[in-house]
Each structure stands twice: as structure tokens, then as C-alpha cells.
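Trainee: Have a look at this prediction, sequence included:
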Amino acid sequence: MAKKLTLGKNERLKSRKQIELLFSEGKKFSITPFRVHYVINELTNPPLQFGVGVSNKNFKKAVDRNRIKRLVREAYRLQKIALYQKVKEKKGQLNIFIIYTGKEIPGYRVVFVEMNKVLDKLGHLIDKQN
């Protein structure tokens, strides 16, 4: 039976404490149109947590911000499985927060391709760390 590609409640980054830790002590890198903040912890459950944000300054309408967040979440959901397995092998926890920094509403194909680059880079960073 195939594994379901879901983004469940426990995989979403919602804890204020973890988000503050992510921005204060985490590392970051940019791949246009994303800025990625991440931190690797020793906790194990759940191995991968994800959050997404869009600037209020660039997109005044909530409809536009929500559309971009949906596109980013969907691209992440479909491609996270390889990263999930790498993190699980290392017996750690990876928290990721992605901020969309572009000025225009992207198409799904652009988001999908760029998200693939982001997840590949995160995979390489996990391999390098240990």
C-alpha cells in the first residue's frame, strides 16, 4: 500500500516556542523566491515540521497571500518524502519555515520547481551536518 502524501496537524509548525527558537537560533538560506529558515533538533517526534509565510507588505490582499501559501504547502506536501526519510534516519527533528519573498503571484509550476531545489538543499545540509 502506498504511503499517503499528507500534511497532517502534527507536521505543521505551530508552536510559538519552536518558531521563536527557529528564528533566533536557526540557520537560513535563500533560493529565489523563497527564504528558508531551519533548525535541526534532537527531538524525534514528529521528525519534520513545516510552516509557511507571505509578506503583508508585498501582498495587501489576504486572498493573494492565502493562494501563495496553498501553492507552497501543496508543492512541499508532494515532495517531502525524501527529506522526511533522511531526517528519520538521522534520528532528529527538522523544523522548516519558508517565507515567500517574490513580488508577484507565482504559477504552480514555478513553486513546484523551486520547492524541489529547496528540499534538495535541505537534504544536502542534513547529510553534511552528521
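Mentor: Received, thanks.
Trainee: Which residues outside the helix or strand of the chain with the lowest mean pLDDT are in contact with it?
Mentor: Ranked by mean pLDDT, DSSP states H and E, the helix or strand of the chain with the weakest confidence is helix 81-90, at a mean of 90. Contacts with helix 81-90, where a contact means C-beta atoms under 8 Å, 6 or more residues apart in numbering, come from 3, 5, 47-48, 93-94, 119, 122-123, 126-127, 129-130. Quick note: C-beta positions are derived from backbone N, CA and C, even for glycine.
Trainee: Just the buried ones from these?
Mentor: Among those, those scoring as buried are 47-48, 93-94, 119, 122, 126 (criterion: 16 or more other C-beta atoms under 10 Å).
Trainee: which one of these is nearest residue 61?
Mentor: Using C-beta to C-beta, residue 119 comes nearest to residue 61 of the buried ones among the contacts of helix 81-90, at 28.4 Å.
Trainee: Thank you, goodbye.
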